[in-house]
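Novice: Structural data only, the sequence is not supplied:
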């Protein structure tokens with residue numbers, strides 16, 4: 001027997017309603033029954049007992065969750081929003097964040113403009129090439145839309161590259 005509401009799926013729920021003396025019988029599929037609010041009292045987690053049990057499970061899970069001491073955010077909240085609650089969250093959730101950060105950036109440590117490296121490492125690294133520094137500064141000037149500064153840097157780079165070609 002097909003569902004009386006959608007006419008597409010097999011009816012699994014029979015509703016016998018007596019409203020104001022008018023008796024009405026409906027045969028509904030599981031989907032239409034749940035949409036209309038006729039869920040099983042004990043089946044699944046959609047019924048009354050199931051929803052109470054689910055609420056209790058969620059409350060217990062919240063107690064067990066690791067939370068940031070500064071802002072109180074849990075890792076689940078951070079993951080759902082995609083934003084850290086505060087700067088301390090990076091250290092509190094470092095273990096959970098490491099695989100994701102590694103996938104996104106290829107590394108989990110900062111290797112930007114001013115990395116914090118031990119003095120022995122910094123001394124061992126060769127000084128950056130002046131031409132390379134100018135190119136980086138040019139890219140930053142273009143990104144900041146400082147076009148006059150970018151033009152000056154471009155001219156300096158061309159002049160340096162011209163000197164290399166003549167040498």
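Specialist: Thanks, I have the structure now. Since we're looking at a predicted model, the values are computed, not measured.
Novice: can you tell me which helix in this protein is longest?
Specialist: helix 147-166 (DSSP state H).
Novice: pLDDT of it, averaged?
Specialist: For helix 147-166, mean pLDDT is 84.
Novice: Which strands and helices lie in contact with it?
Specialist: Using 3 or more CB pairs under 8 Å, 6 or more residues apart in numbering; DSSP states H and E as the contact test, the elements touching helix 147-166 are helix 130-143. Backbone N, C-alpha and C define where each C-beta goes, glycine included.
Novice: angle of the helix it packs on against helix 147-166?
Specialist: Interaxial angle, helix 130-143 versus helix 147-166 (axes from the mean of the first three to the mean of the last three CA atoms, to 10 degrees): 150 degrees.
Novice: what does helix 130-143 contact?
Specialist: The contact list for helix 130-143 (CB atoms under 8 Å, 6 or more residues apart in numbering) reads 147, 149, 150, 153, 154, 156, 157, 160, 161, 164.
Novice: List only buried entries from those residues.
Specialist: In those, burial by neighbour count holds for 150, 153, 154, 157, counting by 16 or more other CB atoms under 10 Å.
Novice: contacting residues around the first one?
Specialist: Counting by CB under 8 Å, 6+ apart, residue 150 touches 138, 141, 142.
Novice: before we move on, back to that, save the contacts of helix 130-143 as CSV, and put in distance to residue 19 too.
Specialist: What follows is those, written out as CSV (distance: CB to CB, whole Å):
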residue, distance to residue 19
147, 74
149, 77
150, 76
153, 80
154, 80
156, 85
157, 83
160, 88
161, 87
164, 91
